[in-house]
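[1] task: produce atomic coordinates for the following.
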Amino acid sequence: MSAENDLLDQDVRIVENTMETFSFPLNFEFKIASLVNDFVAKDSTGKTIGYVRQKLFKLKEAISVYSNESKQNILYTINADRVIDYNANYAFTDAGGKNLGRIGRKGTKSILKAHYEIFDTDSEMEFLIKEENPWAKFFDFLLSEVPVLGLFTGYMFNPRYIVTRNGGTQVARLSKEKSFFGRRFKLDQLSKIEKGEDERLLLGLMMMSLLERRRG
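    The predicted structure follows:
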């Protein structure tokens, strides 16, 4: 009986150490006053589903996803396979160290137009992420250098990223929302996402948001 109770307790802990069921659209809100690159992810009901934080002073980018801002319960880690590079891959693992897949940025393709690929645990490409309006980032950068006008680029030029399957089916769209500091992203679901895929997709877009926000 004791062994059965131990197994039950273990199962409960596993459930607690993953992102709970959430409802779209999701919102990523970056912290303005923070010294680190971090944001809070909330679902359509306003419930916090994760607090995403990039570790400081790491040659290889390392991300922790916690259940909330208290940082008492870590859910996932995301780690780069090399020192900062346009061809880096970022592996997802849960709190127990289990491999959940990865996201990769496609080198030269991502210099002007963001291009990422999400892979499952068998290294099969599951989703493709492309920037829909790359000129928005260009004009955002250009006007940000203009005195006064540069303060309002967060309301004028906001990139969007479309997520598709191999066959071309659109799955989700991540959009940078209009805001004074350009700190909010919204994730809309466009078609059905299977259980297991949603976890990997969300982790991939969390990582991509950290990378892309630094670019404008």
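[2] run through the bridge partners of the nearest residue to S64 once chain neighbours are set aside.
    Closest residue in space to S64, ignoring its immediate chain neighbours: R53 at 5.3 Å, by CB to CB, 6 or more residues apart in numbering. No exception for glycine: its C-beta is placed from N, CA and C like everyone else's. Counting by DSSP bridges, R53 is bridged to D38, S64.
[3] ramachandran angles for the residue nearest to Q189 when sequence neighbours are not counted?
    Leaving aside its chain neighbours, Q189 sits nearest to F24 (4.0 Å; criterion: CB to CB, 6+ apart). Dihedral angles of F24 (phi, psi; degrees, to the nearest 10) stand at phi -80, psi 160.
[4] so where's the longest helix in the chain?
    The longest helix of the chain (DSSP state H) is helix 197-213.
[5] which sections of this structure are below the confidence cut-off?
    Scanning the chain for pLDDT under 70 picks out 1-18, 20, 84-85, 107-112, 134-157, 179-182, 214-216.
[6] report the central residue of it.
    Centroid check for the chain by CA atoms, centre = their mean gives M206 as the closest residue, at 0.9 Å.
[7] does that one really touch Q54, like I thought?
    No. If you go by CB atoms under 8 Å, M206 and Q54 don't touch, sitting 10.4 Å apart.
[8] quick check: neighbours shared by these two?
    Listed contacts common to M206 and Q54 are I63; contacts here mean CB atoms under 8 Å, 6 or more residues apart in numbering.
[9] measure the residue nearest to Q189 to L59 for me?
    35 Å (CB to CB, to the nearest Å).
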